[in-house]
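[1] let me see the structure of the following:
(one chain, ligands or ions: 1)
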Amino acid sequence: MRRRVIAGNWKMYKTLAETRAFFSAFAPLVANSKHCDIVIAPPFTAISTAAEAAKNTNIAVSGQNISWSKEGAFTGEVSATMLVEAGCRYVIIGHSERRQLFRESDDSVAKKTLMALGAGLIPIVCVGETGEDRDAGLTEEVLRRQFSGGPGALTPEEFSRILIAYEPVWAIGTGRTATPEIAADAHRLLRRCAGERFSVPIASALRILYGGSVKPDNIKGLMAQEELDGALVGGASLDPKSFASIVNFTA
Ligand code: 13P
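    Okay, here's the model as predicted:
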């Protein structure tokens, strides 16, 4: 049985004061939630504040991105070691907003994943097709390409330490959630890719999160699919009550 992960991606939202207020309200609401791992990814500036607020709770902190380099003259970049020092246990890599708006390639996703693993972070590697890809019948091809260029480039040992997030681009921030069946189909495909590239036991242990307009009112239906090992939540993770009710979907 794979342990579920519910992660919130705050994107470019929340000041330090808002981060503190979120944790004060959220931590008590999930203090008894033992059925899943709980992760929050604040913007870089709020990571230390979040990590401090998350001390002695069941909430882990994640970065939203890292550099593919250890250190150096890379203005504006933040390294994996810096994230660990600031209090992160996880890092999101290759989010579709990074791929689309900041031109991240599968190759940089692979390099960043290695950096994260080297620093002891748990990478949450994102893949997902655009609406145009899906309409053109290219979903499988795109997911296979993103898988083989990114996670598929790892060794079996490295691969066994990552999480994958399937985030169809057409479902992100649009309120158009993938149906549980569409999401499960994509997860099955990704698991098949893992089985072909690595082994069936490694593929069966892989945790795949779904992301894209996950809300308190659709989490139960999504989690009813055995293939879905959790969720990566954007907008609905900004409000403590709404994110807590997503975490507590079984209640
Ligand atoms: P929304 O939940 O706002 O659609 O965002 C999903 C996402 O991109 C999480 O990484």
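[2] how close does the residue nearest to residue 131 when sequence neighbours are not counted get to residue 139?
    Nearest non-adjacent residue to residue 131, counting by CB to CB, 6 or more residues apart in numbering: residue 170, 3.5 Å away. C-beta coordinates here come from the backbone N, C-alpha and C atoms, glycine included. Distance, residue 170 to residue 139, using CB to CB, to the nearest Å: 10 Å.
[3] quickly list what's touching both of those two.
    The contact sets of residue 170 and residue 139 overlap at residue 129 (CB atoms under 8 Å, 6 or more residues apart in numbering).
[4] is it true that the residue nearest to residue 131 touches residue 176?
    Yes. In this structure residue 170 lies within contact range of residue 176 using CB atoms under 8 Å: 6.2 Å.
[5] gap between the nearest residue to residue 78 once chain neighbours are set aside and the ligand?
    Spatial nearest neighbour of residue 78, excluding adjacent residues (CB to CB, 6+ apart): residue 44 at 5.7 Å. Distance of residue 44 to the ligand, given as CB to the nearest ligand atom, to the nearest Å: 16 Å.
[6] what's around residue 44, how many residues?
    Using other CB atoms under 10 Å, residue 44 has 16 neighbouring residues.
[7] in this structure it contacts residue 77, no?
    No. Applying CB under 8 Å, one finds residue 44 not in contact with residue 77, separated by 10.3 Å.
[8] what's the residue of the chain found nearest the ligand sitting at in phi/psi?
    Residue nearest to the ligand within the chain: residue 234 (2.2 Å; CB to the nearest ligand atom). Here is the backbone geometry of residue 234 (degrees, to the nearest 10): phi -90, psi -100.
[9] isn't it right up against residue 243?
    No. Between residue 234 and residue 243 there is no contact under CB under 8 Å: 10.5 Å.
[10] list the residues that contact both of the two?
    Shared contacts of residue 234 and residue 243, defined by CB under 8 Å, 6+ apart, comprise residue 8.
[11] quick one, which of the two is more surrounded?
    residue 243 (27 against 21).
[12] grab the nearest non-local neighbour of that one.
    Using CB to CB, 6+ apart and skipping the chain neighbours, the partner closest in space to residue 243 is residue 237 (4.5 Å).
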